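Colleague: below: sequence and its predicted model.
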Amino acid sequence: MYKACLFDLDGVLVDTAIYHFQAWKNLGKQFGYELTEEQNEQLKGVSRVESLNKILDWANYLATQEQKAAWLIEKNEDYLRLISNMNPSEILPGVLEFLQQIKDLGYKIALGSASKNAEIILEKTGLMPWFDLIIDGNKVSKSKPDPEVFLKGAEGLGLSPETCIVFEDAQAGVEAAKAGKMKAIGIGEAETLALADKIIPNFIGVKAAELLQF
Ligand code: B16
Ligand code: MG
């Protein structure tokens, strides 16, 4: 009865969080703020503009709209420079084997990411050909935990949400999947992904036919 797998990008298929962290840290130095790794965790799955707003809040820094707009561009230019050498070796362990299994089992495969740079990352890592549909930050107006990104994925595949299974590493993403009436498989720690229907630490050695039984 399940027909499609919808994947988050950062933290599920590749680890771009390290590059986001570096770029936000570089930006924070401009207003004398040192972003911590714990805070970076809270930026996972959060859109670019919301991430900046959170950092400015933590820094207690009141910025003008012009300043914010300039910083968003600057952060993204820095991030694009940092990901410019990404390559297939950065695909997370077990992911390619898992994608092959679900393709063989006949599942449709879609991306549901908050990132506006998702297509560049898929191209650089060679993941693009696996996807029947890509819904990214350029195609949605509401951020996770709103289900928009995944509902657009189901709609674009011509499927009802109830037939879709979402793979997410962020709590907001799991909430988005559940709000969209989809099954959610959390990738990571049980403490942060409590709402997920199933949780796996990563894709290493995962048997798709077993995992996708609900
Ligand atoms: P960009 P995901 C998210 O990707 C990242 O986890 C989050 O840290 C980032 O701020 C967001 O994309 C926007 O990314 O600046 O490239 O548009 O986890 O939804 O795949
Ligand atoms: Mg993520």
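Modeller: Arrived safely, thanks for sending. Ligands and ions are numbered 1, 2, ... in the order given.

Colleague: enumerate the residues of the chain near ligand 2.
Modeller: 8, 10, 11, 45, 169, 170 (C-beta under 5 Å from the ion). C-betas here are computed from N, CA, C, even on glycine.

Colleague: out of these, which sit inside strands?
Modeller: Among the residues of the chain next to ligand 2, the subset assigned to strands under DSSP state E is empty.

Colleague: just flag the most distant two among those residues.
Modeller: Maximum pairwise distance among the residues of the chain next to ligand 2 (C-beta to C-beta): 8.4 Å, between 10 and 170.

Colleague: with neighbour numbers in mind, choose between the two.
Modeller: Higher neighbour count among residue 10 and residue 170: residue 170, with 27 against 23, using other C-beta atoms under 10 Å.

Colleague: now render the residues of the chain next to ligand 2 as CSV, adding pLDDT.
Modeller: Output for those, formatted as CSV (pLDDT from 0 to 100):
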residue, pLDDT
8, 98
10, 95
11, 94
45, 88
169, 94
170, 92
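
Colleague: how about the contacts made by the residue in the chain that ligand 2 sits nearest to?
Modeller: Minimum separation of the chain from ligand 2 (C-beta to the ion) falls at residue 11, amounting to 3.7 Å. Residues near residue 11 by C-beta atoms under 8 Å, 6 or more residues apart in numbering: 17, 44, 45, 169, 170, 187, 188.

Colleague: can you get me a residue count around the last one?
Modeller: Read that as residue 188. Neighbourhood size, residue 188 [other C-beta under 10 Å]: 20.

Colleague: buried residues in the longest helix along the chain?
Modeller: For the chain, the helix reaching the highest residue count under DSSP state H is reported as helix 65-83. Along helix 65-83, these residues count as buried under the neighbour rule (16 or more other C-beta atoms under 10 Å): 71, 75, 78, 79, 82, 83.

Colleague: understood, closing this out.
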